[in-house]
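Participant: Have a look at this prediction, sequence included:
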Amino acid sequence: MSIEMYISFALVSVIGTLIIRYLTEKIYTAERKEVTFQGKILHDPDVRDLLNKQEKLDAMYYLSRELPIEEIATRINRTRSFVRSIDVLLRIHGMLTDARWGVDTEALKMKKILKIYPDSQPMRDQLFSNDFFITYLVQAKRNREFLIAVYTIPEEVEEKISGIPISSWYYTFSRFTVPFFKENLLEEFFKEYNSITNENPFPPRGTPIQDIDLIYMYICKWAQIWPEFATEKDKLASNIEEEIGDLIDVSYHYIDAKLNILKENNILFPINPLFLEGINYDSLISFINHQEVYRVIKTFNQFNIITALCFTSEGKYGLWLHYPHDHEKSILQILNDLDPHHETYLLSDVLIRTTIPYKYFVDKRRGIPHEIG
């Protein structure tokens, strides 16, 4: 074969390959209706595939609900290895966190106080130097920069800080659907809203415990940071024994009984562990006054938006939304339509996120004081 013929053959082969690839991609896109991805991990083909296949989104939903792998496989009619692969993918990319349980702190004789500060370096230094009771601190923006702090404080020291008393946050579990990134949110929201009921989707508030000891506090601490705390009770008992065994008797059966009380009294309740920042999700907190707030959050859920709610002493609701960045403008308009006087903060970096202040009760037993400055 001459050089000219070889070159001609090679060119034809390359052009043919490109045409086939182009047609294949066009057909693939037409059949899958795949969206354009711009987030940090959206270039990963496995993540893109996850967001464009309903069975994988169903697996993600059930994993967020803490269902066993085998049960999820049965529900979506796939193999256990299929479900495990979704679980691994979510964990690798930080989309499935270890935060699986919330604590109704009021039932444990603790209060949550929300306080908003202007953001400045001196203010940050002040908060970080006296952060013993701060369980959440986040940067926020509303016309200018702020810091939103949530204090979790035992009742005996509650009066030492002013702010807005709030309840614990209660989360919804969005049933994700394709297409993952919805279009025309502003137009479609109120159409969907009209078909949604205002039924409360959350578990009952916690029943207070009268005789609270360190075991209760430490179970709640581990529940907030260790997903397997309820299934690996021997290890849980060992961890608690190591930390406070000098102050209180610790045994497997004692811990098992206390854990059951916490669950039966709804003091421990499931929260949504999904965190989707890597696929271009943002978060906000909005304080709104609306008579059908459950209807509002359930409507947002229909658009693959994760929601949480807290109750405030001022008659308003604290609404937390975790949403695709491109929906932000529409969401702000929706909130304005729902309550023209809403007070909304766009959230950015979380500076502090920690458990209930269990150490306060340990230090109290040991005679170590803690004051709020």
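Facilitator: Great, that's in hand.

Participant: Now do the buried residues in the helix or strand hosting Leu284.
Facilitator: According to DSSP states H and E, Leu284 maps onto strand 281-288. Buried residues in strand 281-288, defined by neighbour count with 16 or more other CB atoms under 10 Å: 281-288. Every C-beta, even on glycine, is put in place using the N, C-alpha and C of the backbone.

Participant: likewise stretch 356-371?
Facilitator: Quick answer for stretch 356-371 (16+ other CB under 10 Å): 356-358, 360-362.

Participant: need the strands for the stretch 201-350 of the chain, in chain order.
Facilitator: Using DSSP state E, counting those that start in this stretch, the strands of the stretch 201-350 of the chain run over residues 268-270, 281-288, 306-311, 317-324, 343-353.

Participant: Of all those strands, which one is nearest Arg144?
Facilitator: strand 343-353 (10.7 Å; CB to CB).

Participant: what about the protein, any weak spots by pLDDT?
Facilitator: Under the criterion pLDDT under 70, the flagged ranges of the chain are 1-39, 158-159, 371-373.

Participant: quick one on the thing from earlier: farthest pair in the buried residues of stretch 356-371?
Facilitator: Of all the pairs that those form, the one spanning the most space (CB to CB) is Ile356 and Val362, at 11.9 Å.

Participant: Neighbouring strands of the strand holding Leu284 in the sheet, and parallel or not?
Facilitator: In the sheet, strand 281-288 lines up against strand 317-324 (antiparallel), strand 343-353 (antiparallel) (DSSP bridges).

Participant: Switch those strands over to TSV; also include mean neighbour count and distance to Ile244.
Facilitator: What follows is these, written out as TSV (neighbours: other CB atoms under 10 Å; distance: least, CB to CB, whole Å):
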stretch	mean neighbour count	distance to Ile244
strand 317-324	22	33
strand 343-353	15	23
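
Participant: Of these, which is nearest Leu108?
Facilitator: strand 343-353 (18.9 Å).

Participant: follow-up on the earlier one: among the strands paired with strand 281-288, which comes closest to Pro179?
Facilitator: Using CB to CB, those put strand 317-324 closest to Pro179, at 11.3 Å.

Participant: C-alpha coordinates for the closest one, CSV please?
Facilitator: The C-alpha trace of strand 317-324 is given here as CSV (Å, rounded to 0.1, in the frame of the first residue of the first chain):
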residue,chain,number,x,y,z
TYR,A,317,-40.5,29.4,61.3
GLY,A,318,-36.9,28.9,60.5
LEU,A,319,-36.7,27.3,57.0
TRP,A,320,-33.5,25.7,55.8
LEU,A,321,-33.2,24.9,52.1
HIS,A,322,-30.5,23.0,50.3
TYR,A,323,-31.0,23.7,46.6
PRO,A,324,-29.4,23.8,43.1
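
Participant: Show residues contacting that strand.
Facilitator: Applying CB atoms under 8 Å, 6 or more residues apart in numbering, the contact partners of strand 317-324 are 114, 166, 169, 181, 274-276, 279-290, 293, 296-297, 300, 303-312, 331.

Participant: let's see it at 7 Å
Facilitator: 166, 169, 181, 276, 280-288, 293, 297, 300, 305-312, 331 (CB atoms under 7 Å, 6 or more residues apart in numbering).

Participant: what about that strand, distance to the chain center?
Facilitator: Taking CA atoms, centre = their mean, to the nearest Å, the mean C-alpha location of strand 317-324 is offset from the chain mean by 10 Å.

Participant: I figured Leu137 hits Phe128, correct?
Facilitator: No. Checked against CB atoms under 7 Å, the pair Leu137 and Phe128 is beyond contact range at 8.5 Å.

Participant: between these two, which one's more packed in?
Facilitator: Leu137 (22 against 12; other CB atoms under 10 Å).

Participant: for the more buried one, which residues make a bridge with it?
Facilitator: Here Leu137, judged by DSSP bridges, has bridge partners Ala149, Ile352.

Participant: Then Leu284?
Facilitator: Under the criterion used (DSSP bridges), Leu284 bridges to Leu321, Leu346.

Participant: Provide a list of residues in contact with it.
Facilitator: Per CB under 7 Å, 6+ apart, neighbours of Leu284: 321, 344-347.

Participant: Equivalent analysis for Leu276, please.
Facilitator: Contacts of Leu276 by CB under 7 Å, 6+ apart are 95, 322.

Participant: Any idea how many residues pack against Glu328?
Facilitator: Neighbour number of Glu328 under other CB under 10 Å is 15.

Participant: Which residue ranges of the protein form helices?
Facilitator: Under the criterion DSSP state H, the chain contains helices at 3-32, 45-52, 54-64, 69-76, 80-92, 121-129, 185-193, 214-225, 233-244, 252-264, 293-301, 328-338, 358-365.

Participant: Output those helices as TSV; include the columns distance to Arg144.
Facilitator: Output for the helices of the chain, formatted as TSV (distance: least, CB to CB, whole Å):
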stretch	distance to Arg144
helix 3-32	43
helix 45-52	35
helix 54-64	35
helix 69-76	45
helix 80-92	36
helix 121-129	13
helix 185-193	26
helix 214-225	32
helix 233-244	42
helix 252-264	41
helix 293-301	26
helix 328-338	16
helix 358-365	33
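
Participant: among those helices, which is nearest Pro204?
Facilitator: helix 252-264 (11.0 Å).

Participant: What residues of that closest one count as buried?
Facilitator: 255, 258-259, 262.

Participant: which other helices and strands contact that helix?
Facilitator: On a contact count with 3 or more CB pairs under 7 Å, 6 or more residues apart in numbering; DSSP states H and E, helix 252-264 meets helix 214-225, helix 233-244.

Participant: Buried deepest among those, which one?
Facilitator: helix 214-225 (a mean of 22; mean count of other CB atoms under 10 Å).

Participant: List of residues touching that helix?
Facilitator: Contacts to helix 214-225, defined as CB under 7 Å, 6+ apart, come from residues 98-99, 101, 103, 108, 209, 229, 236, 239-240, 243-244, 247-248, 254-255, 258-259, 262, 268, 355-356, 358, 361-362.
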